[in-house]
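Q: kindly return the folded structure for what I paste below:
(chains A and B)
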Amino acid sequence: MLLIRCPYCCEERSEMEFSCAGEGGIRRPEDPSDLSDAEWADYLHFRTNPKGLHREIWCHTAGCRRYFDVVRDTVTYAIHSTAPIGATTQVDEADG
Amino acid sequence: MSASRYSALALLRHALTRHRRWQPAWREPEPKRHYDVVIVGGGGHGLATAYYLAKNHGISNVAVVEKGWLGGGNTGRNTTIVRSNYLRDEAAQLYEFALKLWPGLSAELNFNVMFSARGVLNLGHTLQDMRDIERRVNANRLGGIDGEVLATARVQEMVPILNCSPNARYPILGASWQPSGGVARHDAVAWGFARGADALGVDLLQRTEVQGIRCGDGRVQGVETDRGFIGADKVACVTAGHSGVLAAMAGLRLPIESRPLQALVSEPLKPCLDTVVMSNAVHGYVSQSDKGDLVIGAGADGYNGYGQRGSFHVLAHALEAMCELFPSFSRVRMNRHWGGIVDICPDACPIIGETPVTGLYFNCGWGTGGFKATPGSGFVFADTLAHARPHPLAAPFALERFAKGALIDEHGAAGVAH
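A: Reported below is the predicted structural model:
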C-alpha cells in the first residue's frame, strides 16, 4: 500500500484515494494534423515504461480531484517527489 | 542430443536400477559465438518458439537466453487457465488455434502437461453483463468456437457451492460456458517445450542475462550478455513484463506498460470445484488444482511496477468477491500469494512480429492472459521468424497496427477485465 502526499491537500493519504493517469511529461502535439500516423501513434500509445525512476501523473480521485506530478521508482515503489501539475520538468530533478 | 523417451516401460526399466540412471531433461551447454536465432526469455512462449523453430522449420541453430531459470517468470506465476472465448475475430482465432494444440501437447512433447478440459464459466451479474455474454458467445460460435449461454439454474447445477441466491451481493444472472477450456500444469509446459527443444539441438542458456542488443546499419547483430557477446541473424525477444527494458536496449519504445498481476493459492482442500469460474464484474477467477488447492487470480495494479508484488487492496478486493461468490471459501486459509509483471498493451492484445530494426522481433504484450496461448504463440512466432513475414494468424498483431489505428479492442470484451 503506497502512501502518497497530495501536493494540494499537503497530506499523506492511502493509494486507494488516488488513481494513476499514466506517464507524465507527454505534451499533446500543438497541431496533430501536422503529424504522420507513426508520430501520432507514438504520442497516443508508445511509452518509456522504465525499470527505475518513472515520471507519472496521478489524480487525487477521492480527495481534491486534482492532477499532480509524481516521480516514483517502479522497482522499489518509493515515491521520490510529488508536485503540482507541470512543476516537475525532469526525472533527475527529483532524485536525491 | 537425443533425450530418452518417457514411458511406463522406461519407468519400469529405471526402477530396476533404483532410478539412479535418469538423465537430465536438457543439457547445460556453453554459448556458441553465433546462432541463426537467439531467443531472449526462457518462459513458455520463448521455449515453445524454439521448439517449433526446430520441429516445424528445421532451424535448430538456436539459443534460448534466460537470465534466471526456465519458466521462472510469468509461466510459473499464472493461474493456468486455458480458453479461447475472446470477442474479436482476430484474437479469438489466435487463441482458438492455441487451444486446439493443448489436447495433443502431452503426446507431442512426451511430457505430461496435465491439460484438463474441465470447461470455463464466465459469470454475468448484471443485465449488461448478460448482453455482453450473448454477444461474445454468438461471435465465438460464428467463428467456430464452442460456447453456450447458461441460465442461473444450470450454473447452480454445475457449481453447487456458488452463491446463486437472488439476494447475493453479486447476483448471478447466467454465464458463458466454454467446455473445451480448462487448466494445464504451467511448469510442465515450460519443461516439456524445453526438453523437446533441447532434444532437437536448441541450446538452453540459463543464468545468462542479456545486457544489451547490438545493432548496426539498421539491423540486429546479436546480444551482449554476462557470458559475452552472442551473434545472431535474428533476435527474438519474448520477455513479457521486461519487453520495454529490452526494447530500450535497441533504442525503441513499445506501446506497453508493465504492471504486477497477483494470484494466490490456498491450502489443499478435498475436491469441491471441477471447473474454472471467472467473473469480470467482481474481477476474480478460481479453479482447483489437482493437488486440491484453490488457485485464485486477482486484478492488475493501476500503475507501473517491476517489483513482482502488487497492491494489497487489489488482492483484498478479489478475495472479498470470492467469499461473496463462494461463501464456503470464507474460512479457507491462503498458503502463498505473489505477483508477476505483465506487459499490457492499450488494446489488451499481443504484439507479434518484426520491429523497425531488421532482424529484431518481439512477441510480447500478452498482458494478463498469455499462458493459454503458449503453444499457439510459439507456433505462429516460429513461423514468422522462419519466413521473415507474419504468420496469417499473427499478421493483425504486428506493431504497425498502432500507427494504422487497427487496434483489436479486447479490454473488458474478453470475458474478464484486464
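
Q: close enough to count as contact, A:Arg66 and A:Tyr8?
A: Yes: between A:Arg66 and A:Tyr8 there is a contact at 5.2 Å, judged by Cβ atoms under 8 Å. Any C-beta I mention is one placed from the backbone N, CA and C, and that applies to glycine too.

Q: shared neighbours of those two, anything?
A: The contact sets of A:Arg66 and A:Tyr8 overlap at A:His60 (Cβ atoms under 8 Å, 6 or more residues apart in numbering or on different chains).

Q: any idea what A:Ile79 is bridged to?
A: Under DSSP bridges, the beta-bridge partners of A:Ile79 are A:Arg72.

Q: residue contacts, it?
A: Contacts for A:Ile79 (Cβ under 8 Å, 6+ apart) come out as A:2-5, A:70-73.

Q: helix or strand: which one has residue 9?
A: Let's take chain A. Assigned by DSSP states H and E, A:Cys9 belongs to neither a helix nor a strand.

Q: wait, chain B was what I had in mind.
A: Per DSSP H and E: helix B:8-16 holds B:Leu9.

Q: next, the buried residues of the very next helix or strand once past that helix.
A: Proceeding N to C from helix B:8-16, the next assigned helix or strand is strand B:34-40, under DSSP H and E. Within strand B:34-40, the residues that count as buried by 16 or more other Cβ atoms under 10 Å in any protein chain shown are B:35, B:37-40.

Q: what about B:Ile230, how many residues nearby?
A: 23 (other Cβ atoms under 10 Å in any protein chain shown).

Q: for the closest residue to A:Ala78 other than its chain neighbours, give me its contacts.
A: Leaving aside its sequence neighbours, A:Ala78 sits nearest to A:Arg72 (Cβ to Cβ, 6 or more residues apart in numbering or on different chains; 7.1 Å). By Cβ under 8 Å, 6+ apart, A:Arg72 lies in contact with A:53-54, A:56, A:78-80, B:303.

Q: which of the residues you listed are buried?
A: Taking 16+ other Cβ under 10 Å as the criterion, what is buried in those is A:53-54, A:56, A:79-80, B:303.

Q: ok, so of the residues you listed, who is nearest B:Val113?
A: Distance to B:Val113 across these (Cβ to Cβ) is lowest for B:Tyr303, with 34.4 Å.

Q: what strand or helix carries the spatially closest residue to the closest one that is not a sequence neighbour?
A: Distances taken as Cβ to Cβ, 6+ apart place A:Cys20 nearest to B:Tyr303, at 3.7 Å, with adjacent residues excluded. Assessed by DSSP H and E, A:Cys20 sits inside strand A:19-23.

Q: can you give me the helices for the chain?
A: Went with chain A since none was named. A:37-44 (DSSP state H).

Q: try chain B instead
A: Going by DSSP H, chain B shows helices at B:8-16, B:44-57, B:89-101, B:105-109, B:127-142, B:152-158, B:186-199, B:243-249, B:312-325, B:374-387, B:401-404.

Q: how about the residues of chain A by chain B?
A: Residues of chain A lying close to chain B by Cβ under 8 Å from any Cβ of the partner chain are A:1-2, A:15-16, A:19-20, A:22-23, A:37-38, A:40-42, A:44-51, A:54, A:56, A:72, A:74-77.

Q: from these, list just the buried residues.
A: A:2, A:15-16, A:20, A:23, A:40-42, A:45-51, A:54, A:56, A:72, A:74, A:77.

Q: show me those that map onto strands.
A: A:20, A:23, A:54, A:56, A:72 (DSSP state E).

Q: quick one: which of these is nearest chain B?
A: Chain B has its nearest neighbour among these in A:Cys20, at 3.7 Å by Cβ to the nearest Cβ.

Q: so that closest one touches B:Ser311, yeah?
A: No: between A:Cys20 and B:Ser311 there is no contact under Cβ under 8 Å: 10.8 Å.

Q: who touches both of the two?
A: B:Gly302.

Q: can you name the residue of the stretch 101-250 of chain B nearest chain A?
A: For the stretch 101-250 of chain B, Cβ to the nearest Cβ, closest residue to chain A: B:Gly244, 3.4 Å.

Q: what about that residue, how many neighbours?
A: 25.

Q: what sits against it?
A: By Cβ under 8 Å, 6+ apart, the neighbours of B:Gly244 are A:47-51, B:253-254, B:256-258, B:343.

Q: can you tell me the closest non-neighbouring residue to the most centrally placed residue in chain A?
A: Closest residue to the average C-alpha location of chain A: A:Glu56 at 1.6 Å, with Cα atoms, centre = their mean. Closest residue to A:Glu56 apart from its sequence neighbours, by Cβ to Cβ, 6+ apart: A:Val70 at 4.6 Å.

Q: so the residue nearest to A:Ala78 versus B:Asn304, what's the distance?
A: 8 Å (Cβ to Cβ, to the nearest Å).
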